[in-house]
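> Test case, fold it:
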Amino acid sequence: DLELHRIAKGLQDIQRKFFYKLAAKITTRGSYCHSACMHVSVEHLDDPYRDVGEAEDEVQTLLLDFADWIYARLEEEYEYRTSDEQVEENIRANEYEFDEDGDMV
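As a prediction, the model looks like this:
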């Protein structure tokens, strides 16, 4: 997946500049975990008060991109698994039977 590779490479490039000493903390608001509900803070592991400059914004953007990427994958999987075709296939494969009220027999 090109988007996932772009995100991973971006994070790796930023970490390399700081000798892999950056840490990100993600907090969420509400019951959902997508980019609109997230806050990302970044600090240097050896010196939490060190100014990491634009790296914080870059890491934040990449992690929010990742949140959007994974949310889209999960949404696609949910749509697939709950589609009429998939539900019907599951019923047939497991030989489920139902009565006229929709209860399993």
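
> Tell me where the longest helix sits in the protein.
Longest helix in the chain, counting residues (DSSP state H): helix 55-81.

> What ranges does the chain have for its strands?
22-28, 38-44 (DSSP state E).

> Deepest-packed of those strands, please.
strand 38-44 (a mean of 15; mean count of other C-beta atoms under 10 Å). The C-beta positions use only the backbone N, C-alpha and C, and glycine is treated the same way.

> Return the list of helices and strands in contact with it.
Packing partners of strand 38-44 (3 or more C-beta pairs under 8 Å, 6 or more residues apart in numbering; DSSP states H and E): strand 22-28, helix 55-81.

> Using a markdown table, please lay out these together with distance to Gly10.
Formatted as a markdown table, the helices and strands packed on strand 38-44 follow (distance: least, C-beta to C-beta, whole Å):
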| stretch | distance to Gly10 |
| --- | --- |
| strand 22-28 | 13 |
| helix 55-81 | 5 |
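
> most packed of those?
Stretch with highest mean neighbour count among the helices and strands packed on strand 38-44: helix 55-81 (a mean of 15; mean count of other C-beta under 10 Å).

> what about stretch 29-41, average pLDDT?
Mean pLDDT, stretch 29-41: 88.

> Now do the end-to-end distance for that stretch.
Using C-alpha to C-alpha, to the nearest Å, one end of stretch 29-41 lies 14 Å from the other.

> Fine by me, we can end here.
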